[in-house]
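Trainee: sequence unavailable; structure follows:
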């Protein structure tokens, strides 16, 4: 999607919901986030470090308001020499509105966001057995009928994907 000067977040949200054919009324709770990406350019000094607040704050996605222009965000990030990406995800979860959806795309998006948050460690999982169950569930959903017959294929460095489903805080715990 090319970013023109008049492209604001509201227009992008309209494009995304139309393209994915979202029907669930809770689609209004989705938004665009800007997320810094590790890599070249991410070593910019933290202005709070001089104040003694923090050496380096953990990078977290920032939700954009509907009125924000995407080009303004791009300009700021380029000037900061910071790699980034735009992410479409749900920004508000209300307990009284968390019933299952009849919209399969909405359900898939919410599921993928939950998996991503668990893998990144934003939703902590403290029990080793629970981590094992979640990893196997994530993989079963992802691979479906194409799950390899030999479990060792999942750990093969050339084809292995098991580690991608293990929450980041747990990757150092076990081999």
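Mentor: Arrived safely, thanks for sending. This is a predicted model, so every value here is computed, not measured.
Trainee: which residues of the protein score low on pLDDT?
Mentor: Counting by pLDDT under 70, the chain has low-confidence residues at 39-59, 157-160, 174-175.
Trainee: the helices in it, which residues?
Mentor: 9-19, 47-50, 70-79, 104-120, 128-143 (DSSP state H).
Trainee: would you format these as CSV with distance to residue 95 included?
Mentor: C-beta coordinates here come from the backbone N, C-alpha and C atoms, glycine included. Converted to CSV, these look like this (distance: least, C-beta to C-beta, whole Å):
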stretch, distance to residue 95
helix 9-19, 23
helix 47-50, 34
helix 70-79, 31
helix 104-120, 14
helix 128-143, 22
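Trainee: ok, which of these comes nearest residue 94?
Mentor: Comparing these against residue 94 with C-beta to C-beta, the closest turns out to be helix 104-120 (12.6 Å).
Trainee: how far does the closest one sit from its chain's centre?
Mentor: Centroid separation between helix 104-120 and its chain, computed with C-alpha atoms, centre = their mean, to the nearest Å, is 8 Å.
Trainee: could you check the angle it makes with helix 9-19?
Mentor: Using axes from the mean of the first three to the mean of the last three C-alpha atoms, to 10 degrees, the interaxial angle of helix 104-120 with respect to helix 9-19 works out to 120 degrees.
Trainee: in this protein, which residue is most central in space?
Mentor: Within the chain, the residue whose C-alpha comes closest to the C-alpha centroid is residue 116; the distance, by C-alpha atoms, centre = their mean, is 5.2 Å.
Trainee: for it, give its distance to residue 5.
Mentor: With the distance defined as C-beta to C-beta, to the nearest Å, residue 116 ends up 31 Å from residue 5.
Trainee: how about residue 17?
Mentor: Residue 17 sits 23 Å away from residue 5 when distances are taken as C-beta to C-beta.
Trainee: thank you, goodbye.
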